[in-house]
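[1] requesting a structural model of the entry that follows:
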Amino acid sequence: MKPYKINLINALNLIILGFWGYIETNSGTALIPVGFGLILCLFSFGLKKENKIISHLVVLLTLIILIALIGMPLQKQLETGGLGLIRVIAMILTSILAMISFIKSFIDARRKKEK
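    Purely as a prediction, here's the structure:
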């Protein structure tokens with residue numbers, strides 16, 4: 001799957017699950033993934049056009065949100081369990097899939113450039 005499609009899936013997942021978490025907990029920190037998701041959505045068009053700067057920004061933002069999700073939210077949800085844990089794991093999984101797609105895309109672009 002193309003990196004811009006994976007990015008869009010990840011962004012929508014962050015937005016939807018972040019809003020769901022906010023509605024359920026009424027905690028402002030649940031909106032952090034929503035903000036990242038909105039930014040990633042905005043960058044999808046530049047990613048589709050293979051803009052190098054936007055591509056690198058998308059990778060950086062995805063890495064930041066992935067690290068942030070693995071940090072405190074995952075540990076907190078492991079203690080409490082429930083649907084919050086499922087939401088955090090789903091956001092982590094889509095972010096990991098996006099990172100794998102981005103890395104594969106960068107490797108393919110490098111190989112194409114060397115030929």
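[2] spatially central residue for the protein, please.
    Nearest to the mean C-alpha position of the chain, counting by Cα atoms, centre = their mean, stands S95 at 3.9 Å.
[3] what residues are up against the closest residue to that residue other than its chain neighbours?
    Once flanking residues are discounted, S95 sits nearest to L66: 4.2 Å by Cβ to Cβ, 6 or more residues apart in numbering. For glycine as for every other residue, the C-beta is placed from the backbone atoms N, C-alpha and C. When contacts are counted by Cβ atoms under 8 Å, 6 or more residues apart in numbering, L66 touches I92, S95, I96, M99.
[4] hang on, isn't the residue nearest to the centre of the chain packed against I64?
    No. The criterion here is Cβ atoms under 8 Å, and S95 misses it with I64 at 9.8 Å.
[5] may I see the buried residues of whatever helix or strand I54 lives in?
    Secondary-structure assignment from DSSP states H and E places I54 in helix 52-70. Buried residues in helix 52-70, defined by neighbour count with 16 or more other Cβ atoms under 10 Å: I54, S55, L57, V58, V59, L61, T62, I65, L66, A68, L69.
[6] against which helices or strands is the helix or strand following that helix packed?
    Counting by DSSP H and E, the element after helix 52-70 in chain order, helix or strand, is helix 72-80. Packing partners of helix 72-80 (3 or more Cβ pairs under 8 Å, 6 or more residues apart in numbering; DSSP states H and E): helix 83-114.
[7] wait, which of the buried residues of helix 52-70 is closest to I39?
    Taking Cβ to Cβ as the measure, L61 is the one of the buried residues of helix 52-70 closest to I39, at 6.2 Å.
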